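K.L.:
Task: produce atomic coordinates for the following.
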Amino acid sequence: MNDHTIRNMEEFSLLSGISRPTLSKYFNDPASVRASTRAQIEQALKRYDYRPNLFAVNLNKRKPKIIGLLVPDLGDPFFAQLVRLVEKRCIAAGLFLMVLSSGGEAGLEARAVETLLSFNIAGAVLAPLGRSSKGGLIQSLQARIPVVFVDSRLDEADAFVGTDNRQSIGLITDYLCRTGERPTFVDMPPVNHNAAERRAAYVATMEALGLQPEIVPVPAGRDWNFEEVGFTAAAAVLDGPTGFPTRTLLCANDRIATGVMAAAFGRGIRVGREPGCGLRVAGHDDQPLSRYACPPLTTVAQDFAGLAGAALDILLARIDGGPEAERKAGQVRLDARLVMRASA
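P.N.:
Now for the predicted structure:
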């Protein structure tokens with residue numbers, strides 16, 4: 001062990017007698033140096049108890065191995081799962097991941113984008129807030145590095161990976177109509193384009209089936225507290241004079257459905273498809289906690305692994321350049337899968 005704290009790789013090079021280029025080569029890929037040199041470096045690392053800040057080292061490279069990831073809310077189970085899978089993919093590819101969250105606020109998102117602009121990174125995956133995003137700032141980032149949008153986008157021309165809302169909403173609307181009373185749609189705040197797409201897909205599917213669409217609106221504010229939004233909207237209807245138009249509810253996302261089921265429970269209404277239940281409730285996303293709701297939530301499962309994998313495939317192709325980058329510069333829409341559980 002050494003009493004002196006080594007501050008950087010230059011000091012480690014002087015103490016160990018190993019050249020700086022050789023050390024850089026080793027830290028980029030240990031297998032790229034001779035076995036005897038590798039053994040010498042590893043012995044010196046142990047002797048001097050030195051651990052280089054590889055993240056900082058990469059920031060100074062002409063071709064950094066750092067990927068930025070910006071999401072609206074790290075506490076949202078959907079985005080938490082997405083971050084976990086992107087991180088796993090980056091680790092496998094030998095990349096560093098810089099994760100930032102906007103907390104659902106436009107000002108914080110702008111600050112996060114400015115942070116990405118201030119670092120030397122290879123590219124970024126963005127899940128923007130949508131309508132409240134500062135487009136000019138994000139365009140500045142796009143002009144500097146390759147950017148791929150996931151779940152939400154700002155422009156139709158952006159490289160984008162998301163779920164096909166027409167397919168997913170059509171799938172679960174059709175299922176609910178075949179297995180019981182037609183569904184009433186409980187909307188979500190217009191935080192991004194998904195809200196309008198899912199509402200339109202519900203209306204189109206109902207009309208194609210020759211059925212009357214019914215929509216429960218929610219406040220127009222850009223509120224990411226979806227459980228509270230769903231609870232408040234459902235409570236207002238349940239406490240009103242007429243109740244819901246039908247006893248089957250299709251919620252725009254699983255978090256809205258969680259709030260709706262909580263409002264029903266508080267009023268003694270059983271949710272489920274068994275005899276004696278007053279409501280059927282379904283959602284959209286299949287976030288990790290939905291299977292453990294009470295009752296477990298019927299929903300459509302977004303392809304988390306597919307979203308993360310496709311976003312990284314497109315981003316890495318664009319970083320590397322060449323014909324593959326052009327082929328993967330467009331938009332990818334993934335199908336969702338019906339998940340039938342006890343709530344509907």
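K.L.:
how is the protein carved up into domains?
P.N.:
Following automatic domain parsing, the chain resolves into domains at 9-52, 66-162+305-335, 165-301.
K.L.:
now for these, which one comes closest to residue 344?
P.N.:
Closest to residue 344 of these is domain 165-301 (CB to CB; 3.9 Å). Just so you know, the C-beta spots here come from the backbone N, C-alpha and C atoms, and that holds for glycine as well.
K.L.:
now that closest one: how far from the chain's centre is it?
P.N.:
A distance of 21 Å separates the centroid of the chain from that of domain 165-301, by CA atoms, centre = their mean, to the nearest Å.
K.L.:
Start and end of that domain, how far apart?
P.N.:
11 Å (CA to CA, to the nearest Å).
K.L.:
and if you look at stretch 137-156?
P.N.:
End residues of stretch 137-156 are separated by 17 Å (CA to CA).
K.L.:
and that stretch, average pLDDT?
P.N.:
Across stretch 137-156, the average pLDDT comes to 91.
K.L.:
Name the residues of that stretch that come out as buried.
P.N.:
137-138, 141-142, 145-154 (16 or more other CB atoms under 10 Å).
K.L.:
Now tabulate the residues you listed in a markdown table and tack on distance to residue 311.
P.N.:
Conversion of those to a markdown table gives the following (distance: CB to CB, whole Å):
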| residue | distance to residue 311 |
| --- | --- |
| 137 | 20 |
| 138 | 16 |
| 141 | 16 |
| 142 | 15 |
| 145 | 14 |
| 146 | 11 |
| 147 | 10 |
| 148 | 5 |
| 149 | 8 |
| 150 | 5 |
| 151 | 9 |
| 152 | 12 |
| 153 | 12 |
| 154 | 15 |
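K.L.:
May I see the buried residues of the host helix or strand of residue 229?
P.N.:
Using DSSP states H and E, residue 229 maps to helix 226-238. Applying a neighbour-count criterion of 16+ other CB under 10 Å, one finds 226, 227, 229, 230, 231, 232, 233, 234, 235, 237, 238 buried in helix 226-238.
K.L.:
Please name the nearest non-neighbouring residue to the fifth one.
P.N.:
Translated: residue 231. residue 259 (3.6 Å; CB to CB, 6 or more residues apart in numbering).
K.L.:
Show me what the one helix or strand the one you found maps to is packed up against.
P.N.:
In this structure, residue 259 sits in helix 254-266 according to DSSP H and E. Applying 3 or more CB pairs under 8 Å, 6 or more residues apart in numbering; DSSP states H and E, one finds that helix 254-266 contacts strand 183-186, helix 226-238, strand 248-251, strand 280-282.
K.L.:
Quick one: work out the angle between that helix and helix 226-238.
P.N.:
Interaxial angle, helix 254-266 versus helix 226-238 (axes from the mean of the first three to the mean of the last three CA atoms, to 10 degrees): 40 degrees.
K.L.:
avg pLDDT for helix 254-266?
P.N.:
For helix 254-266, the mean confidence score works out to 97.
K.L.:
what comes into contact with that helix?
P.N.:
With contacts defined as CB atoms under 8 Å, 6 or more residues apart in numbering, helix 254-266 is touched by 76-78, 186, 188, 218, 226-235, 238, 249, 251, 270-271, 278-279, 281-287, 289-290, 293-294, 297, 299, 343.
K.L.:
For the buried residues of stretch 137-156, give me a markdown table that also has distance to residue 212 and secondary structure.
P.N.:
Output for the buried residues of stretch 137-156, formatted as a markdown table (distance: CB to CB, whole Å; DSSP: H, G, I helix; E, B strand; the rest coil):
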| residue | distance to residue 212 | secondary structure |
| --- | --- | --- |
| 137 | 43 | helix |
| 138 | 40 | helix |
| 141 | 45 | helix |
| 142 | 43 | helix |
| 145 | 48 | coil |
| 146 | 46 | coil |
| 147 | 42 | strand |
| 148 | 40 | strand |
| 149 | 35 | strand |
| 150 | 35 | strand |
| 151 | 31 | coil |
| 152 | 30 | coil |
| 153 | 32 | coil |
| 154 | 34 | coil |
